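Asker: dropping the sequence and predicted coords here.
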Amino acid sequence: MIGELVARFLPGVEVWAYGSRVNGRSHEGSDLDLVLRAPGLRPIPRSQLGDLTEALTDSNIPFLVEARDWARLPERFQREIERDYVVSFREEVRESKRVVRR
């Protein structure tokens, strides 16, 4: 469902999941942390990001989904995400892959 929403509102954007739901430290109330990577790592227009956020909120996904724009994250936070993430959606390749860098 998340991939379908991303494809509808942000075509061509790659989605990485990171945080507690990826590293195994989640609990019942944990949100799903996503980072959105536009082609060329360009900033995603805020209106489009807002439309996706609204669609995620209105969906029947049973937990909070936090979606952030890679281009607007501080470099230090980007490096932290790069250490442990899952490519959860890529429009041209619909597969999940775990990447862990230490």
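Answerer: Cool, got the structure.

Asker: check contacts around the residue most central in space within the chain.
Answerer: The chain has L34 as the residue nearest its centroid, 2.4 Å off, counting by CA atoms, centre = their mean. L34 makes contact with I2, V15, W16, A17, Y18, V65, E66, A67, R68, S88 under the criterion CB atoms under 8 Å, 6 or more residues apart in numbering. C-betas here are computed from N, CA, C, even on glycine.

Asker: what's the closest non-adjacent residue to the last one?
Answerer: Looking back up the chat, that one is S88. Sequence neighbours aside, A17 is the residue nearest to S88 in space, at 4.4 Å (criterion: CB to CB, 6 or more residues apart in numbering).

Asker: that older thread, what's the closest of the contacts of L34 to Q48?
Answerer: Comparing the contacts of L34 against Q48 with CB to CB picks out A67 as the nearest, at 11.0 Å.

Asker: the closest one is in contact with L49, isn't it?
Answerer: Yes - between A67 and L49 there is a contact under CB atoms under 8 Å: 7.1 Å.

Asker: hang on, the residue nearest to the centre of the chain in a helix?
Answerer: No - L34 is assigned strand when assessed by DSSP: H, G, I helix; E, B strand; the rest coil, not a helix.

Asker: and it, what are its bridge partners?
Answerer: On the basis of DSSP bridges, L34 is bridged to A17, A67.

Asker: so what does the helix ranked longest in the chain touch, helix or strand wise?
Answerer: In the chain, with assignment by DSSP state H, the single longest helix is helix 46-58. Helices and strands touching helix 46-58, by 3 or more CB pairs under 8 Å, 6 or more residues apart in numbering; DSSP states H and E, are helix 2-9, strand 65-69.

Asker: now with 6 Å?
Answerer: Other helices and strands packing on helix 46-58, by 3 or more CB pairs under 6 Å, 6 or more residues apart in numbering; DSSP states H and E, are helix 2-9.

Asker: ok, and for the helix it packs on, which residues are buried?
Answerer: For helix 2-9, a neighbour-count test (16 or more other CB atoms under 10 Å) marks I2, L5, V6, F9 as buried.
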